[in-house]
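**Q** I'd like to go over a predicted model; first the sequence, then the structure.
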There are 2 protein chains.
Amino acid sequence: MPSVTQAVEDYLKAIWRLSHEGGERVSVGDIASELKVSAPSVTSMVRKLKTMRLLNYERYGGVTLTPRGRKIALEIVRHHRLWELYLYMRLGVPLELVDGEAERLEHVLSDDMEELLTRNLGDPTHDPHGDPIPSKTGALAPVEGIALGQLETGTHAIVARVSDRNPEKLRYLVSLGLLPGARIEVEEKAPFRGPLTVRIGGRRHVVGADLANLVIVRGAPAASRSKGARLGPGVPPRSGKPRGKRR
Amino acid sequence: MPSVTQAVEDYLKAIWRLSHEGGERVSVGDIASELKVSAPSVTSMVRKLKTMRLLNYERYGGVTLTPRGRKIALEIVRHHRLWELYLYMRLGVPLELVDGEAERLEHVLSDDMEELLTRNLGDPTHDPHGDPIPSKTGALAPVEGIALGQLETGTHAIVARVSDRNPEKLRYLVSLGLLPGARIEVEEKAPFRGPLTVRIGGRRHVVGADLANLVIVRGAPAASRSKGARLGPGVPPRSGKPRGKRR
DNA sequence: CTAAAAAGTTAGCCATATCTAATTCTGCGT
DNA sequence: ACGCAGAATTAGATATGGCTAACTTTTTAG
């Protein structure tokens, strides 16, 4: 019986991501471009994953994850986002680089280590991009909020999430200060998907509609609940308790 | 031209380790048992590594690393030991588990991350077992000291290094408190490779000769230079500087 | 409704890294 | 000096994952 290799993990994660964002049913072509492999590679891997009962698949029919497949996918996503947060908070890895590093580390996280990371971070709920970290049981908090591009002139909001799909764009957004937790105000919004003029931390920036829609915000009445813990690197870490002998 | 895969890294590291401990020239059989693969696997990989100019090899003649091969091997060893120290100091991973975790992490450490790890640890020179961490240029400090089993009755010493080859034994040594930095006194040494009675942190233990020779110690006159920085987990970490935009 | 475009699949191949079984060296002991 | 045991190599097979080229099915547009 085939085992869960790194390739298997990559496929499951990609399929999960696509079905999470797009529809339930995922096409071979989408998987191929997500993973940057050829379509035939996807077909053959998908047939293998079917025999492993990790997904449902019929010829020409697209794929959906089975519960077992989703469970593994969410484990990987959990690993990925835990590493992202850890690298950002404890090692000061720049936000734009965090995804790439976690991409490799996600496959290398034992249960023991996962436990230590989690504790060290204080049972975190969100990664530094604002995406929710799946719980160990596979529960995933919904991303609440609306795209920045939807806001009307005069609105105040707090950034909840910044897409990390494109490192270049992310780098730019970060340079504007548009990262999770930031307070912003829409000073002006040009009509017809036009650019927004936003005020961030005292400075004014003009942001194109495409870029603005990578940013998810939630409403910010005068004082916002800071329940979600302000994110940011450089917070004094606590180390895991030194332990003596253990069983 | 073949690339440096994880398997290549594993072979180079194994060969380096064997030639470091045994002689310059390493046999196919030793590599096979070090990596727990069959001899034919080693032969074929070694032929490949030769074409990559990472080692010297003649049929039936054993192998030696070329400078290029050694450089890569030392990079991996550096990664391994940096991760070991980081996990031990900052995440509280128990000493007996640190090697296994690092075994997987060593292949996943970008230059950027290596830099951050190094800085976070304050340019460390030794891993938590007491082994020296190769410098980025490939320089490796010698392990100074003698085996604990060599000490005579009445001698005082400080543990410099504890072998991590056997996790079971290591776990036991750790449970005795026999870890790098510990002060010990030999209360009695039985003749003919007999067991030692040692005093460690106020408690007395009897240690067999085999076990005792996994421990390397250096002399401990009344006050020892604590130049080598006392090792131990739970030291307050400092996080990498948050950085803004960067080139 | 049908033909072309797009998407997906099959066929066949390559590279990596492993293994077992069979064969060939090497070097040691008598 | 010679045979033999042990080490190493060759031969040949397997598993994983990826690719291109050619073919089939589905979808879409006129």
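**A** Good, I have the coordinates. As the structure is a prediction and not an experimental result, all values here were calculated from the model.
**Q** Run through the residues that contact the residue nearest the centre of chain A.
**A** The centroid of chain A falls nearest to residue A:131 when counting by C-alpha atoms, centre = their mean (4.4 Å). When contacts are counted by C-beta atoms under 8 Å, 6 or more residues apart in numbering or on different chains, residue A:131 touches A:81, A:143, A:161, A:164. In this view, the C-beta of every residue, glycine as well, is placed from N, C-alpha and C.
**Q** can you count the residues close to residue A:136?
**A** 13 (other C-beta atoms under 10 Å in any protein chain shown).
**Q** Residue of chain A closest to DNA strand D, please.
**A** Proximity of chain A to DNA strand D (C-beta to the nearest atom of the strand) peaks at residue A:5, 2.8 Å away.
**Q** Against residue B:111, how distant is residue A:182?
**A** Distance from residue A:182 to residue B:111, counting by C-beta to C-beta, to the nearest Å: 30 Å.
**Q** if you count what's nearby, which of those two comes out ahead?
**A** Comparing residue A:182 with residue B:111 by other C-beta under 10 Å, the one with more neighbours is residue A:182, at 20 against 9.
**Q** Residue A:151 versus the residue nearest to the centre of chain A, what's the distance?
**A** Distance from residue A:131 to residue A:151, by C-beta to C-beta: 20 Å.
**Q** now do residue A:145
**A** According to C-beta to C-beta, residue A:145 stands 10 Å off from residue A:151.
**Q** So for the two, which residue has more residues nearby?
**A** residue A:151 (21 against 18).
**Q** That one and residue A:185: what is the separation?
**A** According to C-beta to C-beta, residue A:151 stands 9 Å off from residue A:185.
**Q** Need the overlap of contacts for those two.
**A** residue A:157.
**Q** Where does the residue of chain A found nearest DNA strand C fall, secondary structure wise?
**A** Using C-beta to the nearest atom of the strand, the single residue of chain A nearest to DNA strand C is residue A:29, 2.7 Å away. Per DSSP states H and E, residue A:29 falls inside helix A:28-35.
**Q** does chain B sit close to the helix or strand harbouring residue A:204?
**A** Taking DSSP H and E as the definition, residue A:204 sits inside strand A:203-207. No. Against chain B, strand A:203-207 shows no contacts by C-beta under 8 Å from any C-beta of the partner chain, the least distance being 13.0 Å.
**Q** Which positions in that strand come out as buried?
**A** For strand A:203-207, burial by neighbour count (16 or more other C-beta atoms under 10 Å in any protein chain shown) applies to A:205, A:207.
**Q** How many neighbouring residues does residue A:199 have?
**A** 15.
**Q** go on, residue A:57?
**A** Residue A:57 has 18 neighbouring residues, counting by other C-beta under 10 Å.
**Q** quick check, the top helix by length along chain A touching chain B?
**A** If you go by DSSP state H, chain A has its longest helix at helix A:67-90. Yes. Using C-beta under 8 Å from any C-beta, helix A:67-90 reaches chain B at A:87, A:89, A:90.
**Q** Looks like the first one contacts residue A:99 (just checking).
**A** No. With contact defined as C-beta atoms under 8 Å, residue A:87 does not count as touching residue A:99 (9.7 Å).
**Q** hang on, the earlier thing: need the pLDDT of the residue nearest to the centre of chain A.
**A** On the pLDDT scale, residue A:131 is placed at 97.
**Q** now it: how far from residue A:12?
**A** Applying C-beta to C-beta to residue A:131 and residue A:12 gives a distance of 17 Å.
**Q** Residue A:172 versus the nearest residue to residue A:215 once chain neighbours are set aside, what's the distance?
**A** Nearest non-adjacent residue to residue A:215, counting by C-beta to C-beta, 6 or more residues apart in numbering or on different chains: residue A:148, 4.0 Å away. Per C-beta to C-beta, residue A:148 is found 14 Å from residue A:172.
**Q** and these two? which has more neighbours close in?
**A** residue A:148 (27 against 16).
**Q** Now for the more buried one: which residues touch it?
**A** A:157, A:159, A:184, A:186, A:196, A:198, A:207, A:212, A:213, A:215, A:216, A:217.
**Q** so what pLDDT did it get?
**A** Reading off the confidence values, residue A:148 has pLDDT 94.
**Q** With residue A:19 instead?
**A** On the pLDDT scale, residue A:19 is placed at 97.
**Q** Just give me the neighbour total for the closest residue to residue A:214 other than its chain neighbours.
**A** Leaving aside its chain neighbours, residue A:214 sits nearest to residue A:163 (4.0 Å; criterion: C-beta to C-beta, 6+ apart). Look at residue A:163: counted by other C-beta under 10 Å, it has 17 neighbours.
**Q** With residue A:51 instead?
**A** Residue A:51 has 10 nearby residues by other C-beta under 10 Å.
**Q** and the residue lying closest to residue A:38 once chain neighbours are set aside, what is it in contact with?
**A** Excluding the flanking residues, the one nearest residue A:38 by C-beta to C-beta, 6+ apart is residue A:32, at 6.3 Å. Residue A:32 makes contacts with A:38, A:39, A:41, A:42, as judged by C-beta under 8 Å, 6+ apart.
**Q** List buried residues within those.
**A** If you count burial by 16+ other C-beta under 10 Å, the buried members of those come out as residue A:42.
**Q** would you list the contacts of residue A:32 in CSV and tack on distance to DNA strand C, secondary structure and pLDDT?
**A** Rendered in CSV, the data for these read as follows (distance: C-beta to the nearest atom of the strand, whole Å; DSSP: H, G, I helix; E, B strand; the rest coil; pLDDT from 0 to 100):
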residue, distance to DNA strand C, secondary structure, pLDDT
A:38, 8, coil, 98
A:39, 4, helix, 98
A:41, 8, helix, 98
A:42, 7, helix, 98
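**Q** joint contacts of residue A:145 and residue A:151?
**A** Common neighbours of residue A:145 and residue A:151 (C-beta under 8 Å, 6+ apart) are residue A:217.
**Q** residues in chain A within reach of DNA strand C, list them.
**A** Contacts of chain A with DNA strand C, taken as C-beta under 7 Å from any atom of the strand, map to A:27-29, A:32, A:39-40, A:42-44, A:46-47, A:57, A:59-62.
**Q** can you count the residues close to the spatially closest residue to residue A:25 that is not a sequence neighbour?
**A** Computed as C-beta to C-beta, 6+ apart, the closest residue to residue A:25 that is not its neighbour in sequence is residue A:62, at 4.3 Å. Neighbours of residue A:62 under the rule other C-beta under 10 Å: 18.
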